[in-house]
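Visitor: With the input below, show me the fold.
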Amino acid sequence: MSRILNVAVVGCGIGRSHIVEGYLPNADKFKVVALCDLNQERLDAIGDEFGIERRIVNFDDLLTMDDIDIIDVCTPPGAHLPMVSAALEAGKHVVCEKPLVGSLRDVDAIMAIEQTAKGKLMPVFQYRFGNGIEQAKRIIDAGLAGKPYCGTVETMWRREAPYYAVPWRGKWKTELGGVLMGHAIHPHDIFTYLMGDIARIFGRVATRVNPIEVEDTISASLEMKSGALASFTATLGSVDEITRIRLQFENVTFESDHAPYNPGKELWKILPRNEEVKSRIDALLAGWQDVPSRFQTQMARFHDAIFDKAELPVSSADSRRALELVTAFYHSSSTHTEVVLPLGPDHPLYQSWVPTEFR
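Guide: All right, here's what the predicted structure looks like:
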């Protein structure tokens with residue numbers, strides 16, 4: 001049986017990055033056989049660039065194509081729920097760009113569909129992959145880092161008027177949020193991936209940089225379930241662009257590479273407490289094998305999950321944790337109160353965090 005999976009990419013914006021970074025480097029695992037986009041000009045441009053002949057404008061047509069194994073949803077966030085649901089119900093494997101959906105209610109609905117679905121669902125959090133973050137994760141999981149003390153996440157990016165010329169950006173109904181949803185969601189996911197679950201948060205959001213509906217500046221104070229403390233800050237008005245994650249543990253301090261859009265790729269600064277800790281870390285990392293960053297490794301591990309019963313590299317539960325943070329952030333900012341996690345169906349923003357006037 002062939003182990004090459006046929007992929008249909010829906011949305012030729014970020015979908016192009018999935019092809020270039022994720023599928024082409026894994027040509028022994030995937031073949032992109034179809035594209036779907038409402039914009040015929042963009043559809044033809046990407047189809048011609050990569051020699052993909054099947055070009056579809058009606059998403060539903062993909063659901064009946066028996067030779068398609070994976071539907072990769074790269075549309076604006078507001079379209080994710082019906083597409084992911086339909087693809088799972090049609091028996092397809094599904095890859096979906098972040099955010100998976102636009103509310104805790106919707107992510108719980110997707111997770112319910114997963115329980116009986118034939119295919120697997122993998123949300124995208126490509127920033128998790130690369131040598132730097134993988135080494136930090138291995139040290140933490142091995143117990144060498146010790147007790148977590150505190151951490152900081154700074155997402156200092158820049159977005160100006162041309163970025164918001166794309167019609168769906170900067171609007172609640174289609175983007176579902178601002179810097180929290182489309183930008184800092186990646187570094188925040190890295191933080192919880194390494195430091196565990198959040199217990200409570202006091203957050204603030206503001207629109208300071210651009211004349212848009214959604215927020216472009218945020219700040220928060222957090223307490224982790226471990227007892228560790230953390231602070232998150234992000235803006236889309238920075239002059240230069242960096243992503244900086246610094247984690248303080250009992251035995252080790254980690255600091256990420258500052259590359260804004262690939263903080264996991266390069267080796268992180270690892271500062272052991274003493275020579276004994278250093279020796280144990282050196283032994284753990286001896287013979288380290290390169291881990292390609294971003295989509296290349298995420299897609300390769302998705303293939304492993306499908307064929308070799310490996311764990312999904314990113315799960316819908318990971319997406320729920322990210323969306324729970326977003327929900328708590330918006331609620332805390334609007335009520336000026338601390339929010340305790342986890343959040344269930346009884347939370348006021350469970351059905352939607354989008355302000356009523358924009359739904």
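
Visitor: In terms of helices and strands, where is residue 105?
Guide: helix 104-114 (DSSP states H and E).

Visitor: So what touches the helix or strand immediately after that helix in the chain?
Guide: Per DSSP H and E, the first helix or strand lying C-terminal to helix 104-114 is strand 121-123. With contact meaning C-beta atoms under 8 Å, 6 or more residues apart in numbering, strand 121-123 is reached by 84, 88, 93-98, 100, 110, 114, 298, 302, 305, 312-316, 318-319. All C-beta spots, glycine's among them, are computed from the backbone N, C-alpha and C.

Visitor: sorry, back to before: could I get the buried residue list for the helix holding residue 105?
Guide: 104-108, 110-111, 113-114 (16 or more other C-beta atoms under 10 Å).

Visitor: which helices and strands sit right next to it?
Guide: Judged by 3 or more C-beta pairs under 8 Å, 6 or more residues apart in numbering; DSSP states H and E, helix 104-114 is in contact with helix 80-89, helix 316-335.

Visitor: what does the average pLDDT come to for that helix?
Guide: Mean pLDDT, computed over helix 104-114, is 98.

Visitor: Report the inter-axis angle for it versus helix 316-335.
Guide: 170 degrees (axes from the mean of the first three to the mean of the last three C-alpha atoms, to 10 degrees).

Visitor: Now find how far off-centre the helix or strand bottoming out on mean pLDDT in the chain is within its chain.
Guide: Ranked by mean pLDDT, DSSP states H and E, the weakest helix or strand in the chain is helix 172-175, scoring a mean of 94. Per C-alpha atoms, centre = their mean, to the nearest Å, the displacement of helix 172-175 from the mean C-alpha position of its chain is 18 Å.

Visitor: which other residues reach that helix?
Guide: Residues contacting helix 172-175 (C-beta under 8 Å, 6+ apart): 76-78, 167-169, 181-182, 213-214, 354-355, 358-359.

Visitor: What strand or helix carries residue 219?
Guide: strand 217-224.

Visitor: helices and strands around that strand, which ones?
Guide: By 3+ C-beta pairs under 8 Å, 6+ apart, strand 217-224 packs against helix 179-182, strand 198-206, strand 229-235, helix 316-335.

Visitor: ok, and what's touching that strand?
Guide: Contacts for strand 217-224 (C-beta under 8 Å, 6+ apart): 148, 179-180, 184, 195-209, 229-237, 329, 332.

Visitor: Likewise for stretch 199-208?
Guide: 178, 180, 213-225, 232, 235, 237, 325, 328-330, 332-333, 337-341.

Visitor: rerun that using 7 Å as the cut-off
Guide: With contact meaning C-beta atoms under 7 Å, 6 or more residues apart in numbering, stretch 199-208 is reached by 180, 215-225, 237, 328-330, 332-333, 338-341.

Visitor: did I read that right, residue 71 in a helix?
Guide: No: Residue 71 is assigned strand when assessed by DSSP: H, G, I helix; E, B strand; the rest coil, not a helix.

Visitor: What are the structural domain limits within this protein?
Guide: 5-126+298-313, 128-291 (automatic domain parsing).

Visitor: separation between the residue most central in space within the chain and residue 58?
Guide: Centroid-nearest residue in the chain, with C-alpha atoms, centre = their mean: residue 125, separated by 2.9 Å. Counting by C-beta to C-beta, to the nearest Å, the separation of residue 125 from residue 58 is 29 Å.

Visitor: Among the contacts of helix 172-175, name the buried ones.
Guide: 76-78, 169, 181-182, 213-214, 354.

Visitor: Among those, which are located in helices?
Guide: Among these, the members falling in helices (DSSP state H) are 181-182.

Visitor: In JSON lines, list the buried ones among the contacts of helix 172-175 along with pLDDT and distance to residue 47.
Guide: Putting those into JSON lines (pLDDT from 0 to 100; distance: C-beta to C-beta, whole Å) gives the following:
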{"residue": "76", "pLDDT": "93", "distance to residue 47": "20"}
{"residue": "77", "pLDDT": "94", "distance to residue 47": "24"}
{"residue": "78", "pLDDT": "92", "distance to residue 47": "25"}
{"residue": "169", "pLDDT": "96", "distance to residue 47": "24"}
{"residue": "181", "pLDDT": "94", "distance to residue 47": "30"}
{"residue": "182", "pLDDT": "93", "distance to residue 47": "26"}
{"residue": "213", "pLDDT": "97", "distance to residue 47": "33"}
{"residue": "214", "pLDDT": "98", "distance to residue 47": "32"}
{"residue": "354", "pLDDT": "96", "distance to residue 47": "34"}
